[in-house]
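K.L.:
build the 3D model from these lines:
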Amino acid sequence: MSRPPRHSLDCSPASPMLLRRLDIALFEEAKATNQGFFDLQESLGLQGGAEELPAQMHRYVMGNAAKYVADLNAQLKESGERTEPDTHAEMVGPVLYEGEKKSGAEEADSRAEIVIERCVDARKSPRLDSRGEPIPGSTNLVHHILYMDHDSDGELKIFEAWSQEVTTCPVNA
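P.N.:
Numbers count the residues shown, from 1 in each chain. Model (predicted):
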């Protein structure tokens, strides 16, 4: 599958509408990747992680992001932790990230085709330990910045992420 044009195209003055359509299509693709990743990660949390990532997770993540998600899920599986049954974190966003560049993310910024941000509100979805007891501090609100690029298979994937626990979500979606 061919790779979509990057935003740095040398477009003629008559083509801003084409560039806008490409931007909209890329954002819609990023939203779908984000939602698929969020839903699958929520499902894995309820299951208590996984020794190995399910094949469908590789549709949404690659590179550093894939390693982080695999390590997190293996850690959950090993520790016996899981998300409390019948609960679900809430997602706010995503929106296109237009904030300041994050220190240490220069390579991700230069590589990303698109960068989005979202918040995940797990305040009503606690993580439980192996005995089924709530883990203190596991109910939180986290701001994520997700760096995305097309992989060699043509799919838009998260390859890097920046996350920080916050008291108020900065995303207005």
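
K.L.:
pull out the buried positions in the lengthiest helix in the chain.
P.N.:
Criterion DSSP state H: the longest helix present in the chain is helix 16-47. For helix 16-47, the neighbour count (16 or more other C-beta atoms under 10 Å) marks 22, 26, 29-30, 33-34, 37-38, 40-42, 44-46 as buried. In this view, the C-beta of every residue, glycine as well, is placed from N, C-alpha and C.

K.L.:
low pLDDT regions in this structure?
P.N.:
Scanning the chain for pLDDT under 70 picks out 1-19, 22, 173.

K.L.:
rerun that using 80 as the cut-off
P.N.:
Counting by pLDDT under 80, the ranges of the chain that qualify are 1-22, 173.

K.L.:
going along the chain, name the strands of it.
P.N.:
For the chain, the strands defined by DSSP state E cover 82-83, 90-96, 114-121, 127-128, 141-150, 156-165.

K.L.:
Leu53: neighbour count?
P.N.:
Leu53 has 21 neighbours, counted by other C-beta atoms under 10 Å.

K.L.:
does it touch Ala70 like I think?
P.N.:
Yes: taking C-beta atoms under 8 Å as the definition, Leu53 is a contact partner of Ala70 at 5.0 Å.

K.L.:
now tell me what touches stretch 59-75 from outside.
P.N.:
33, 36-37, 40-41, 44, 49-53, 57-58, 146, 151, 155, 157-161 (C-beta atoms under 8 Å, 6 or more residues apart in numbering).

K.L.:
and the nearest residue to Ile135 once chain neighbours are set aside, how many neighbours?
P.N.:
Distances taken as C-beta to C-beta, 6 or more residues apart in numbering put Arg127 closest to Ile135, at 4.8 Å, once the chain neighbours are dropped. Residues near Arg127, counting by other C-beta under 10 Å, number 21.

K.L.:
my read: Arg127 touches Thr87, true?
P.N.:
No: between Arg127 and Thr87 there is no contact under C-beta under 8 Å: 9.8 Å.

K.L.:
any idea how far Thr33 is from Glu160?
P.N.:
Note on Glu160: its distance to Thr33, by C-beta to C-beta, to the nearest Å, is 13 Å.
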